[in-house]
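>>> Need the 3D shape of this:
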Amino acid sequence: MTRFVCVSCGSRLTTAVKTLTDTDRLFDHDSVSFDETGATAYLPEGVYFVATETTNPREYDVGNFIVNIQSAPGTVMSHNHSRTAGCCGLDGLDDPNVVCENGHEVGTQRSDCWTLHYVAFHPELVEMVEG
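Numbers count the residues shown, from 1 in each chain. Now for the predicted structure:
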């Protein structure tokens, strides 16, 4: 299993996750959760994948590590309010908008009512560790 940590300070960002090998699980309504707005998680908890041109929900996420929001309890919303736009959550258009517990930018959460819900970790801001 893999965990993502902040490259600046080493703080843990995720629970243990494994590589998503079956991209058919993306958008699979039997294996994702819906929130009170009806928006859906892009992928199940406990897995991650690297966004490509064929698997990314947004073209600007190509190359980022994509995880379920529930798999990223070590992230908090940025205190930079210019990056936290959205009506019901974070729209992620002004990334990065999530930080580690020590305030270092680590990625972009998309959790608004009109977006799929996930966290996109920027590869230059996080590190993968085994265990």
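>>> quick one: contacts for the residue lying closest to residue 102 once chain neighbours are set aside?
Among residues not flanking residue 102 along the chain, residue 9 sits closest, at 4.8 Å (C-beta to C-beta, 6 or more residues apart in numbering). Glycine gets a C-beta too; all of them are placed from N, C-alpha and C. With contact set as C-beta atoms under 8 Å, 6 or more residues apart in numbering, residue 9 has these partners: 100, 102, 104.
>>> Just the buried residues of those residues.
By neighbour count, with 16 or more other C-beta atoms under 10 Å, these hold residue 100 as buried.
>>> so where is the protein shaky, pLDDT-wise?
27-39, 56-58 (pLDDT under 70).
>>> ok, residue 131 - how many residues close by?
Residues contacting residue 131 under the criterion other C-beta atoms under 10 Å number 6.
>>> meant to ask about residue 76, not that
14.
>>> For it, give the beta-bridge partners.
Beta bridges link residue 76 to residue 99, judged by DSSP bridges.
>>> Isn't it up against residue 101?
Yes: between residue 76 and residue 101 a contact is recorded at 6.9 Å, counting by C-beta atoms under 8 Å.
>>> for residue 64, what are its contacts?
Counting by C-beta under 8 Å, 6+ apart, residue 64 has contacts 50, 51, 56, 107, 108, 120, 121, 122, 123.
>>> Quick check on those: which are buried?
50, 51, 56, 107, 108, 120, 121, 122.
>>> Skipping its backbone neighbours, what lies nearest residue 10 in space?
Per C-beta to C-beta, 6+ apart, closest to residue 10 is residue 127, 7.9 Å.
>>> can I assume residue 120 sits in a strand?
Yes: Residue 120: assigned to a strand according to DSSP: H, G, I helix; E, B strand; the rest coil.
>>> That's all I had, so thanks and see you.
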